[in-house]
Structure formats: structure tokens, C-alpha cells
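> Only the shape, not the letters, is given here:
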């Protein structure tokens, strides 16, 4: 329903968005209760949290409303702030702007001293036949009422949700990875059709959308992605490269977008190639110009994955084989003056649309047509420049905007003559837009350039110490949002902020020119170091899933913090930062990224401590341990053990000793006995230190080694001990790893019921961690159980579903640890038709549906929210 209101409500798995309107301070407890009620039903709360501001952020909450499905209003005593030049408060404005067709649930808290204007609004709501009016006394009662009312609303409309033409599950799920535009796209219909035609032909492996900053390349790429959904049935992936500055990070970033976890056990390019092979997918690579040296990587990828296509946005041509360049032009500006010629111009249409969002009721008239034409011509049809200008219509009017641009723009463009013409205009428009703000807000925008793609208000406030805007971040952000210089959205139930790439580029340039870049980089790095210090302990046990999720939301800024530490020669801090997140890199699979930073660190001429050198070598050797094991790798890890011990870090030394032992058995002539001895010694040391996470992981390694050597009883003891230590420490990840190994061994020994229970537990844990590999292992284990029990259809369905996950994430395993294939072979001989039917059905299952086939109802309890985010 987002963006338009058909008379339907979607099912909860599709994440209905509930817009919550209220005053903030007097209803803080109630807002928290509402969020709990909405999230308990696995719906998405849309809550605007910036607080009071000089004037209503109408464009922002209008966009929130456009993307929402249900309106919830909570009112008590206060009518809310009425901004200068406004007639109503933001509270009433939100109710007025909510579309008539949107279901509205209004909750009124009892009071005998309500403000007069709020009482009048409530009287109006009582007579609104599109709204349900309900009283409440406290937050607890409100939470229960909202949960009940939303459930009834969904039940009443569930049948209608079947009426619209369905979208195929896989494609719908994958295309949702593409960002949803905040506003309507104007004037790009022909561009969308032409680029679609280029992609549909299949002759062009890489289509590059080329143009200066602010021309609308990213928006066009997003619209093309939605317009080509039918051409790419296996998925469309949006890969944001805005904060990726090192060519070596292209592959890790693509892998992250594809859901590929890099644990070091296989070359990342190989895993991506496996994931793309045989799949008709589109990868949209946005903002490629800063890593254009990595363009040959695309040739290697499309060579091994001929069904994949790449849509690239860039300011410069990639100049690789298979590239088709599409020049993105500015919007058309009127050839003449007056309202009639203006109405035929896409540039004018864009200005009017954005001006109406800033000032409801605004329209093109005979009186303002010439001014709007002049504005659009001066801004050369650049969409972003036009949007920035239109955002000022409430403050200046069209005449004021035209006059100020006439005076300012020539002077500003003259100051940046070294830039291409349209880039000069865009930069000058940003300067002009900022000139209308107070100095503190201008300084704030410049400082925001230090952040990566998305950031939070808390992070902004954390870097403000000593800055001119310190203590006024909320008001400053509000002003920048209102001026279209900062965007706000919700991710994972929390508000996040972002800058457009060219605005960030401008801000960084200003920071450098003012000599403040290093200072702000340091403040940024210190904030994220503190965040990691706070979250790192949870990675080892209780709170692990939540810590992994939060770090994932902050990934772009964690990457930027590491880069800032290395760039500013805080190399020991960079080493500590990387090592403290070892568990996160392991669970989430980001070893390739860390390796890039550590190689850069080692190439620096500045002195580093022994501990930092050991950390850097460890991360650079980790992939070699699995992919190219050798005596040199073993020797290198041994040197890391020595350096860690000499620096007093026995914990890191023991973990590295376990890694060295693992390296010994990765090649045929490895010394298994010595490896077992080293693993045993490391386990004892880790137990003594109290590092339960590493102790449990090392016990798993001991069990695997014993199993490979045929000592299955001993292997089971190690797996049992690992699972017990992990469970005691509430370490979900290692519980899953150890439990999966134990269940495999149980299955091999004929203990089918015990194996079934074990695989079910590990599958649930992997779902909670959003761990694709663990889910694939769990499905394969339960597939083997089903086959052993003669359930041919279920075995076939789970086998294919697990295979689809493996294919999607480019994951493969050695034959010794693929547990289900022998059982499938047996059932294929005994009941081939049922197995084949199950395999055909499994190919159509989503991850959630496959898990429903795999697990009994009681085992799936509480997994709805985790599966909804898959």
C-alpha cells in the first residue's frame, strides 16, 4: 500500500508500516508502549523523533505518510508547536495530510485540562467516518488496545489482500533491496524506457549511467531497477558504493549485498561467481567513480556469470569490455516564457512538485511562471539543484529565489572554475542553499561530511564537543532536513540520517579547506571506538544477536572509522579496533574488508606496537590459512603467537595458536598429532582465562579433527563440551556450530531422533542470527533425518531449498561434511517420484517457507520477526 492506498491490508510478513503521530515529551511513555505493541506484531513503526523545530518538516512527514499503511494518533493535553507563518501545529498537520483512504486509529488519554485547539481537533476526529476513536488511561492499557485493534484491522482486511495481482515471491523479496524513493520521479520516463531496452537485449553486460553530480544518476538507476523486475527473475541487488573508497573493497561490498559471508574459507571472487552462476540477476552499482580502478573486476564476474547484468552509476566512464555508456541528461527547461511553455518542461514540473511539498497549495500560475522558468534555467535543469531551490519557496517565494540566484550563482560558479560546468552549478547551488542558514547550521553540515552513508542523531551529538553547533544538534539537523540537505528514514525501527553523495563531497571539501578534517575524523573514530568497546563484550555471549544486528547497521561507519584511524596514523588504535570485533568479523563474514585495512596499516612507515603487528598479520594470514595453507602460513601464525605473548595478551596468543593448529591440517602432509596437541593446549589456556567463546570454538575444532581421524566417541565428547560452554555463555553462534556438528555425528551413528532435535535447535539459532550458512546446514540435516525416516517429499523439498541458499551465497563444503547426500541417494532409489516432487516444490520455497517445512509449529514460535527481515 505504500505510496498509494488500495482498500487492502497486507499480511504481517510483508511488514505493514504504522505511522505514529503524537507530541513527544508528554507522551514519551505512551510512544514506547506503542512501539512495543507494533513490533510485537512484526509490523514496522514509523515514528518521527527529531522533536520541536522552527517550522514543520512537512516534506519529511509527508514522505513518511506516503510510505505508511496505517495512521495511529495519540493525543492528551498539548496541541503542539505552531510554527511562525503557520496556522496549525505539526500534530494536526499530520492528521490532515494522512490520506482519507488510510485506516486511522485515534487514542485519547483522559484529561480535564486539554488545550482548546486540541479539544477542537478531537471533536473534528469524532465526526470523521474514516477514523476509529478510542479512550485510554495509561501506557499499559494503550499497548494492549493498539495490539488488539491492529489485529482486528488485519483480520477484517485479510481477504482483500488476496485481490491484487500477486508478485512472484523471490523477485519481490530481492527487488525490495533497492531503496524506495522518497519522492516522485519526474521527467525520466524516456530514460527509463531506453535503459530498460539496453538491458533487455542481453547484448550489454555493463550499462553505465554517466553524468555529473546532482544530475539524477542514482535516482534513474533505482527507477530502472524497479522497471526491469520482470527481466531479472532471480533478483535485483542495489550495491551502495558511496562510502567505498578502496578498490579492494569492491568485491567485499558486492558480497555483502548478495548475502555472502566471507569467513576466509574460499576466495571471495570465487564465492560471488558461484552465487551468480546460472542466475538472471541485476546488480546496480551506485557511485562507482571513486573506485573506477576496480572496473576490470566486473569483466571477470560477468565472464564466469553470463546471466548476470550490471547497471553502474558513475561520473566517469569505466572503459571496460562489454560496457554500454548511457549519458544522463539534465531535465528539459522551457524554450519560452509564460505558463504554457513552462508547463511542458520537466524541470518546471519537478520544481512545482517539490515546492508543493514544502508549501501545500503551491501551483504554477501566470504570476510565478516566469520566475520558475528563470530558476530552472539558471540551475541548468539539474534535478538536485532544483529540489534545493524549491525547498526555499516557503521562506523566499519564487521571486525571492529567482532574485537571489541571479545575484549569487554567477559569483559562486566563478569561484570553482576548475570543475566541469554542471558540477560547478551544483556546487554553487549547495553554497547558495547554505547561505540561507545561520552559521551554526552551515558548520554542522560541513561536520556531517565525516560520516559514511547513514548515521544517527546520537552519533552527531557525540562528535559535537567544542564545535560551534555543540548542544544544538537537534535544531540544526531539523533545519538541514527542511532544506533538503539531509534526509531522514527509519531502519530497524530507529531513525537514521543521510547525506546525498555530492552534498557529502561538498562537506568534506569544506572540512579540508578549513583545516578541520583530521579533527573531525578523530572525533568520528573515537565515537565508533566507544560504540565497539560497549558492544564487544556482548559478542561473546548474552546479547550476541542484538550486538551483531547493531554493528551491522553501523557497518559503513565502522568501515569509515577504521579508515580514519589508519589515515591519521593512529595505527595501534586501528589494531585494537579490528581485534575487538574479531567475533563480529567471524559471524558476519567480513574478513576480506579487515584484510584490506590491515595491509594498508602494515604498509605505513609509522611505528606500531608488537600487539598491533600481530593483529595485522593474523588478519592477513586468515584467508591464506584456508585457501592456500602452507608452512609459511604456519610460521607466520607462530610469529603472531610470539608477538601476542610478548605483548602480554595470552588470550589472543591462545586463539592464534588454535588458528595455527587448524592450518596444520589443511594440507595432506599436515601434522595432525601436533595440531591436536596445540588445540588441546589452547583450549586449556582459554578456559583458564575465561574466554568461553574461543574455548567452545576450539573444542569444535578438536571434535572435527577427532572425527576425521575416526575417533567418533572422543569427537562427541568435544562437541558436547563445546555446546555446554556456549550454552552457559549464551553464545548463539557457537551453540549453532557445535550443535550442528554433534547432530551430524549423531545421525551418522544412527541416533536419528537425537539428531532431529539437534538440527532443529541449530536451525532456530541460525535464524535468530540471520546466518545463511547455518540455515543451510540445518535444512540439510533435517533433510537427512526426513530421508532416514522415509519422508521422501519432505527430504527432497529441504534438499533443494538448502541448495538454493548455498547457490545464492556462493557457499560450498567438502564432501566429508555434507551430511544429507548419502541419505538422499538411498531414498531416491526407494521412492524416486515423491523425492522428485519434493525437489520441484523446494525450488519454489522462500527461506521462511522452507523453515516451516523443516520445523514443527512449536519450534517456530518467536521466529516471525527474524524471518520477516530475511
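That came through, no problem. On a predicted model such as this, the values are computed, not experimentally measured, just so you know.
> My reading is that residue 106 lies in a helix. Confirm?
No. According to DSSP: H, G, I helix; E, B strand; the rest coil, the state of residue 106 is strand, so it is not within a helix.
> Pull the contacting residues for it.
72, 73, 75, 125, 131, 132, 133, 134 (Cβ atoms under 8 Å, 6 or more residues apart in numbering). (C-beta placed from N, C-alpha, C; glycine too.)
> which stretches of the stretch 401-550 of the chain aren't confidently modelled?
The model of the stretch 401-550 of the chain has pLDDT under 70 over residues 409-423, 492-493.
> Kindly recompute the last result at 80.
By pLDDT under 80, the low-scoring segments of the stretch 401-550 of the chain are 407-425, 490-494.
> still on that earlier bit, would you mind checking which of the contacts of residue 106 is nearest to residue 304?
When these are ranked by distance to residue 304 (Cβ to Cβ), residue 72 comes first, at 49.9 Å.
> ok, whichever helix or strand that closest one is part of: who's next to it in the sheet?
Using DSSP states H and E, residue 72 sits in strand 70-75. Next to strand 70-75 in the sheet, as set by DSSP bridges, lie strand 17-21 (parallel), strand 104-109 (parallel).
> May I see those strands arranged in TSV, with mean pLDDT and distance to residue 751 as well?
Below are the strands paired with strand 70-75 laid out as TSV (pLDDT from 0 to 100; distance: least, Cβ to Cβ, whole Å):
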stretch	mean pLDDT	distance to residue 751
strand 17-21	86	47
strand 104-109	91	52
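> I'd assumed residue 659 was in contact with residue 626.
No. In this structure, residue 626 is not within contact of residue 659 by Cβ atoms under 8 Å, at 10.2 Å.
> Comparing these two, which shows the higher neighbour count?
residue 659 (21 against 17; other Cβ atoms under 10 Å).
> measure the more buried one to residue 679 for me?
To residue 679, residue 659 is 10 Å away according to Cβ to Cβ, to the nearest Å.
> Ok, residue 395 next?
68 Å.
> In terms of neighbours, single out the busier of these two.
A direct count of neighbours by other Cβ under 10 Å for residue 395 and residue 679 places residue 679 higher, at 27 against 15.
> what residues are up against that one?
Contacts of residue 679 by Cβ under 8 Å, 6+ apart are 658, 661, 662, 698, 701, 702, 705.
> Which secondary structure state does the last one sit in?
With three-state DSSP as the basis, the three-state label of residue 705 is helix.
> which SSE is the residue nearest to it when sequence neighbours are not counted in?
The shortest distance from residue 705 to any non-neighbouring residue, by Cβ to Cβ, 6 or more residues apart in numbering, is to residue 676 (5.8 Å). Using DSSP H and E, residue 676 falls within helix 672-689.
> Residue 313 now?
Counting by DSSP H and E, the element that carries residue 313 is strand 309-314.
> Figure out which of the strands paired with strand 70-75 is closest to residue 207.
Of all the strands paired with strand 70-75, strand 17-21 sits nearest to residue 207, with 32.3 Å by Cβ to Cβ.
> secondary structure class for the closest residue in space to residue 574 that isn't next to it in sequence?
Computed as Cβ to Cβ, 6+ apart, the closest residue to residue 574 that is not its neighbour in sequence is residue 565, at 3.8 Å. Per three-state DSSP, the local secondary structure of residue 565 is helix.
> Near residue 565, how many other residues are there?
By other Cβ under 10 Å, the residues close to residue 565 number 27.
> swap in residue 765?
Neighbours around residue 765, by other Cβ under 10 Å: 24.
> Let the chain start at 755 from now.
Sure thing, new numbering starts at 755, so read that last one as residue 1519.
> isn't it right up against residue 1528?
Yes. With contact defined as Cβ under 8 Å, residue 1519 counts as touching residue 1528 (7.0 Å).
> between those two, what contacts are shared?
Shared contacts of residue 1519 and residue 1528, defined by Cβ under 8 Å, 6+ apart, are found at residue 1490.
> What distance do you get for residue 1409 to residue 1076?
To residue 1076, residue 1409 is 44 Å away according to Cβ to Cβ.
> Between those two, tell me which one has more neighbours.
Using other Cβ under 10 Å as the criterion, residue 1409 and residue 1076 rank with residue 1409 on top: 27 against 16.
> Would you mind giving the secondary structure of the more buried one?
Under three-state DSSP, residue 1409 comes out as helix.
> Now do the same contact list for it.
1336, 1436, 1440, 1445, 1448, 1452.
> Which one of the residues you listed sits in the busiest neighbourhood?
Most surrounded of these: other Cβ under 10 Å gives residue 1452, at 31 neighbours.
> In this structure that residue contacts residue 1437, no?
Yes. Using Cβ under 8 Å, residue 1452 makes contact with residue 1437 at a distance of 4.7 Å.
> Need the overlap of contacts for the two.
Common neighbours of residue 1452 and residue 1437, using Cβ under 8 Å, 6+ apart, are residue 1412.
> ok, residue 1123 - contacts?
1091, 1092, 1093, 1096.
> Let's have these in a markdown table, adding pLDDT.
Compiled in a markdown table, the contacts of residue 1123 are given as follows (pLDDT from 0 to 100):
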| residue | pLDDT |
| --- | --- |
| 1091 | 77 |
| 1092 | 77 |
| 1093 | 79 |
| 1096 | 79 |
